[in-house]
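Undergrad: Quick one, what's the 3D model for this:
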Amino acid sequence: MKSRFYFEQEGTFGDRKVLIERLVPADDRGIRVVLFHGVHGCSSYVEGNKYKDLADLLLQRGLEVFLVETSRISRDRGFYGNDRESWARKSFNGKTYAQDLLDNCRALSFIVKNFPKSLIILWGFSLGGIHALNITGGIWRSLLESNEPGSTDLDLPEIDRLVISGSGDQIRDEVSSSLSLPVLSTVSSPARLYEAASNIRAGKVLFFYGTLDMTFSEESSRRIFDLVGSEDKKFMLIDGADHSFREIKGLPSKEPLVQMVDILSGEGFFSATRARLGGNQENRG
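TA: Numbering: from 1, shown residues only. Below is the predicted model:
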């Protein structure tokens, strides 16, 4: 049996709401997992949503889960079917990367302030992974100061364990037209991302890459991974998984999520033992 709670924080754009769902297992092990979705993504505990499936897998292992959904104009994703571009332009037109980052920073600040636990696992998918890297690497403040003045009075924690799924420093040429879409058109330069990665000293870091990712190449993801400063880091391939980890070899499947959770468990991510390697103080508020 789990408990489910809803919260809202002030958003930067559209409906001005950042939605947070807190899911608490009956046997709580005192570890929080905060999930950041990808660009133009939806994250809620409803049937058919990838993040619900992932949350259920984590809840089964006694982990407290927080789903974060950023601000946007419209939340009616289903109305657009497979027309991703129309959805992106209708719901996010005019939103910047800095605004999206700030949404996630506010959510994380709220979570750690109100629900203290012993360990934090920050897990980001695609652009959510970029946010997680910039936060963990301590450059979130300078990114916001440059683009969202007056918005950096937040108390962000050290991240104990970092998980990145499907993030890279440059998208494939075949899908480069997507860079004109809202949020993506204002993403910071790879140089800043490299700076963030080199600052990271989290106790454990794990990158996942789907071998059928048509958005980022494996090399694009590995370039970031290689710069991560943590001593305990691993790069793992999920064979046949797509960019969003919703498919195996072109067929809808929860198997990529199952594999990632199993790997994290095997690597000790769900152990309550804190194993920091000095920590990076720059990412504190």
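
Undergrad: tell me how far the longest helix along the chain is from the chain's mean position?
TA: When the chain is parsed with DSSP state H, its longest helix is helix 97-114. Between the centre of helix 97-114 and the centre of its chain there are 11 Å (Cα atoms, centre = their mean, to the nearest Å).

Undergrad: Could you check it and say which residues are buried?
TA: By 16 or more other Cβ atoms under 10 Å, the buried positions in helix 97-114 come out as 97-112. C-betas here are computed from N, CA, C, even on glycine.

Undergrad: repeat for stretch 190-203
TA: Here stretch 190-203 shows 192, 193, 194, 195, 196, 197, 199, 200, 201, 202, 203 as buried, counting by 16+ other Cβ under 10 Å.

Undergrad: Can I get the residues you listed in TSV including secondary structure?
TA: TSV is the format used below for those (DSSP: H, G, I helix; E, B strand; the rest coil):
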residue	secondary structure
192	helix
193	helix
194	helix
195	helix
196	helix
197	helix
199	helix
200	coil
201	coil
202	coil
203	coil
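
Undergrad: can I get those residues in CSV with pLDDT?
TA: Shown next, in CSV, are the buried residues of stretch 190-203 (pLDDT from 0 to 100):
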residue, pLDDT
192, 96
193, 97
194, 98
195, 97
196, 97
197, 98
199, 97
200, 97
201, 94
202, 93
203, 93
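
Undergrad: Show me where the stretch 1-150 of the chain has its strands.
TA: 2-10, 17-25, 31-36, 64-69, 119-125 (DSSP state E, counting those that start in this stretch).

Undergrad: Quick one: these as a markdown table, columns for mean pLDDT too.
TA: Listed next are the strands of the stretch 1-150 of the chain as a markdown table, based on pLDDT from 0 to 100:
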| stretch | mean pLDDT |
| --- | --- |
| strand 2-10 | 95 |
| strand 17-25 | 97 |
| strand 31-36 | 96 |
| strand 64-69 | 98 |
| strand 119-125 | 96 |
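
Undergrad: count of residues packed around residue 217?
TA: Counted by other Cβ atoms under 10 Å, the residues lying close to residue 217 total 17.

Undergrad: my read: it touches residue 172, true?
TA: Yes: under the criterion of Cβ atoms under 8 Å, residue 217 makes contact with residue 172 at 6.1 Å.

Undergrad: got the contact list for residue 171?
TA: Shown in contact with residue 171 (Cβ atoms under 8 Å, 6 or more residues apart in numbering): 178, 179, 215, 216, 220.

Undergrad: could you give the mean pLDDT of stretch 137-144?
TA: Average pLDDT, stretch 137-144: 94.

Undergrad: Give me the distance between the residue sitting nearest the centre point of the chain and residue 52.
TA: Nearest to the geometric centre of the chain sits residue 124, at 1.9 Å (Cα atoms, centre = their mean). In this view, residue 124 and residue 52 are 17 Å apart by Cβ to Cβ, to the nearest Å.

Undergrad: Cool, thanks, talk later.
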